[in-house]
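> Return a 3D structure for these sequence lines:
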Amino acid sequence: MDGMTATSPGSGLYTGADPAWTVLDEAVRRFATRPALNFFGRRWTYAQLNTQVNRATTGLQAMGVQKGMNIGLCLPNTPYSVIMYFAILKAGATVVNFNPLYTESELNTQLQEAKVDILVTIDAAIVLNKIIRLVDKRVLTTVIVCTMAGALPFAKSVGYRLLKAKETAEIPETEAFISFTALLHYGSNPAPVMVNPAEDLAVLQFTGGTTGIPKGAMLTHANIVANVRQIVATGNFDFGNERLLGVLPLFHVLAMTGVMNLGLAVGAELLLIPKPDIKLIMDAIYGGRPTILIGVPTLFTAISNAATSAGKTDLTFIKYCISGGAPLPLELTERFERISGCHILEGYGLSETSPVVAINPEAKPKAGSVGTPVPGTVIEIRDPEQPTRLLPQGERGEICIRGPQVMRGYYHRPAETADVMIDGALRTGDVGYLDEEGYLFIVDRIKDLIICGGYNVYPRIIEEAAYLHPAVQDAIAIGVPDEYRGQAPKVFVTLRAGMSVTPDELQAFLKARLNKIEVPKLVEIRASLPKTMVGKLSKKELIAEESAKISAPGG
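Below you'll find the predicted structure:
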């Protein structure tokens, strides 16, 4: 079997043969008096955070939570997110992350698929009212309710209770609902729980958001610990002195590992922001002066735009940035670097890999690449049609991953698990290639491929060409039905504030930069494009929209 792979050394050092809560335990041992959490100015030291976790763990055990149970977290970014994540793990149970903005139907489906009986949530009406209805339908038996006001500094807490009363749900006075405060009344000495890091599940992380039906990726304790250590090994961190902006939602795998766990592992102060509101973000940036930003391209765009509009463009306190989840336009990197002096390092990962697979090295980042494998990781490029065959360097094929961060499989889905494994490696469904130095370049997702008259067209190539136009802010390319070619490319774009371009002008611009098959048949300019909760541009809504046009009468 000939072909090229990219491997980072040191696999034996990143096996992650420890329980996932050791990330917190090690941080407490090293940084006990340092600030761990900052929520609108209210701070918790690492020692205080540890006490809260131990009290919550004891409370969970008093409720009967034990090894093997799946406990749901349905929270915005708050101190409760961190406390309850580690309390669930220390009780021996598995964390199941849920987006608080999911519809009642989406929550119902995933709660039942993950076999969750106990859920931790917030008292915001937009969230809790859905949960109350699910309890009434007996989808859930027990709900632990955290109050937003209870996490705020005293003055802000009083103001929140007065001004946000209509946005706060009344907690039912039934046995099914337990307050977070009541959970802490059982002491702070939880019973030790033994886990097998290589086998026991720490997190059940649902995939999806941009494509496909969500599936529960089974991430073991070893997966979680290994990936944190892998990321730490790639950066030059100032342990105990970093501040990390926590705006990506912690229920998302990138933030769970790259914000919360990474932050704790390096002894950082996490500046938690409960929603992606640009005013809250900029207030946290100017007030908290974060040294580390982990985000998606749209976050860096929003920060650059807001800083420029406010005329406050000195962000040189930011020292380390990683972007993942979507292609990173070169123009954005250069614009952000001008105001921060910090180069955005593009990375790559999936829910199934805990999630990080590759990151551009600080010493030698390569434009257009998502970097080299994190330590202990092997990247293979395989022939999508003959997946047992490894492809040579530079040839495009399916990206496959081996490493200690690769999931155990999909929860209760053995057939789907078998479909994504080949010779012990994870098939990602992404198309890419490795260069002569082992840097990985992403071309596109296999499922997003546009087939034009028998030719393969990769939407990402069209999108990258669109980003070269100075007026384009965001771009999504998809395939639409075409009578002659079967499919034809269509690109949707949004424009930068104060700039303009017509569809015809943009199409002419793309003609000069793409081959004839790749040039979009249609260009549509919109005020906004669909995004996932984490801020990634999402194709599925546009694909559904175009499909509906075809199936509609007269379509």
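> What residues does the residue nearest the centre of the chain make contact with?
Taking CA atoms, centre = their mean, the centroid of the chain lies closest to residue 254, which sits 3.1 Å from it. The contact partners of residue 254, taken as CB atoms under 8 Å, 6 or more residues apart in numbering, are 248, 294, 296, 324, 325, 349, 355, 534. All C-beta atoms are positioned from the backbone trio N, CA, C, and that covers glycine.
> Including pLDDT, secondary structure and distance to residue 480, could the residues you listed go into a markdown table?
Shown next, in a markdown table, are the contacts of residue 254 (pLDDT from 0 to 100; DSSP: H, G, I helix; E, B strand; the rest coil; distance: CB to CB, whole Å):
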| residue | pLDDT | secondary structure | distance to residue 480 |
| --- | --- | --- | --- |
| 248 | 94 | coil | 32 |
| 294 | 96 | strand | 35 |
| 296 | 88 | coil | 26 |
| 324 | 88 | coil | 28 |
| 325 | 77 | coil | 25 |
| 349 | 95 | strand | 30 |
| 355 | 96 | coil | 31 |
| 534 | 79 | coil | 26 |
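> quick check, nearest of the residues you listed to residue 66?
residue 355 (28.0 Å; CB to CB).
> and the closest residue to the closest one other than its chain neighbours, bridged to which residues?
Excluding its sequence neighbours, the residue lying closest to residue 355 (CB to CB, 6 or more residues apart in numbering) is residue 349, at 3.5 Å. In this structure, residue 349 bridges to residue 356 when assessed by DSSP bridges.
> likewise residue 118?
residue 71, residue 142.
> Would you agree it is in contact with residue 139?
No. The pair residue 118 and residue 139 does not pass the contact test of CB atoms under 8 Å, sitting 11.7 Å apart.
> Looking at those two, which one has more neighbours?
More crowded of residue 118 and residue 139, by other CB atoms under 10 Å: residue 118, with 21 against 18.
> how far away is that one from residue 174?
Residue 118 sits 15 Å away from residue 174, taking CB to CB, to the nearest Å as the criterion.
> Could you pull up phi and psi at residue 523?
Dihedral pair for residue 523: phi -130, psi 130, per degrees, to the nearest 10.
> hang on, it packs against residue 508?
No. Between residue 523 and residue 508 there is no contact under CB under 8 Å: 9.8 Å.
> More neighbours: which of those two?
Ranked by neighbour count (other CB under 10 Å), residue 523 and residue 508 place residue 523 first, with 24 against 13.
> list the contacts for residue 424?
Each residue near residue 424 by CB under 8 Å, 6+ apart is listed here: residue 402.
> Tell me how far it lies from residue 202.
Distance from residue 424 to residue 202, by CB to CB: 21 Å.
> rewinding a little: for the residue nearest to the centre of the chain, pull up the helix or strand it's in.
For residue 254, the element it lies in under DSSP states H and E is helix 253-255.
> For the contacts of residue 254, please prepare a markdown table with the additional fields distance to residue 194.
Conversion of the contacts of residue 254 to a markdown table gives the following (distance: CB to CB, whole Å):
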| residue | distance to residue 194 |
| --- | --- |
| 248 | 32 |
| 294 | 32 |
| 296 | 38 |
| 324 | 34 |
| 325 | 36 |
| 349 | 30 |
| 355 | 27 |
| 534 | 34 |
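> are any of those buried, and which?
Buried members of the contacts of residue 254, counted by 16 or more other CB atoms under 10 Å: 248, 294, 296, 324, 325, 349, 355, 534.
> Setting aside sequence neighbours, what's the nearest residue to residue 123?
residue 147 (4.9 Å).
> pretty sure that neighbour is in contact with residue 124, am I right?
No. Residue 147 lies out of contact with residue 124 (CB under 8 Å); the separation is 9.4 Å.
> Find residues that contact each of these two.
Common contacts of residue 147 and residue 124 (CB under 8 Å, 6+ apart): residue 168.
> what about the closest residue to residue 268 other than its chain neighbours, how many neighbours?
Nearest non-adjacent residue to residue 268, counting by CB to CB, 6+ apart: residue 242, 3.8 Å away. Residue 242 sits with 21 neighbouring residues when counted by other CB under 10 Å.
> Quick one: mean pLDDT over stretch 444-463.
Mean pLDDT, computed over stretch 444-463, is 84.
> measure it end to end?
11 Å (CA to CA, to the nearest Å).
> For it, give me every contacting residue.
211-212, 327, 384, 398, 429-431, 442-443, 475-479, 482, 484-489, 491, 510, 514, 517-518, 520, 539.
> which regions of the stretch 101-250 of the chain sit below the pLDDT cut-off?
Applying pLDDT under 70 to the stretch 101-250 of the chain flags residues 208-212.
> repeat that for 50
209-211 (pLDDT under 50).
> can you give me the helices in it?
104-113, 125-136, 148-151, 154-163, 180-183, 221-234 (DSSP state H, counting those that start in this stretch).
> Out of these, which one sits most buried?
Compared across these, helix 221-234 shows the largest average neighbour count, a mean of 26 (mean count of other CB atoms under 10 Å).
> That helix packs against which elements?
If contacts are counted by 3 or more CB pairs under 8 Å, 6 or more residues apart in numbering; DSSP states H and E, helix 221-234 sits against helix 22-31, strand 201-206, helix 262-265, strand 356-359.
> Can you add mean neighbour count and give the ones you listed back as CSV?
What follows is the helices and strands packed on helix 221-234, written out as CSV (neighbours: other CB atoms under 10 Å):
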stretch, mean neighbour count
helix 22-31, 19
strand 201-206, 26
helix 262-265, 26
strand 356-359, 28
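> Make JSON lines out of those and add distance to residue 503.
What follows is these, written out as JSON lines (distance: least, CB to CB, whole Å):
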{"stretch": "helix 22-31", "distance to residue 503": "50"}
{"stretch": "strand 201-206", "distance to residue 503": "37"}
{"stretch": "helix 262-265", "distance to residue 503": "42"}
{"stretch": "strand 356-359", "distance to residue 503": "36"}
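> Quick check: which of those is nearest to residue 319?
helix 262-265 (14.0 Å).
> How about the secondary structure of residue 456?
Following DSSP: H, G, I helix; E, B strand; the rest coil, we place residue 456 in the strand state.
> what comes up buried for stretch 295-304?
Neighbour-count burial for stretch 295-304 [16+ other CB under 10 Å]: 295, 296, 297, 298, 299, 300, 301, 302, 303, 304.
> my bad, stretch 515-524
Residues of stretch 515-524 classed as buried under the neighbour-count rule (16+ other CB under 10 Å) are 518, 519, 520, 521, 523.
> What segments of the stretch 251-400 of the chain are helices?
Taking DSSP H, counting those that start in this stretch, the helices of the stretch 251-400 of the chain run over residues 253-255, 262-265, 278-288, 297-310, 330-340.
> okay, the angle between the last one and helix 297-310?
The one in question is helix 330-340. In terms of direction (axes from the mean of the first three to the mean of the last three CA atoms, to 10 degrees), helix 330-340 departs from helix 297-310 by 50 degrees.
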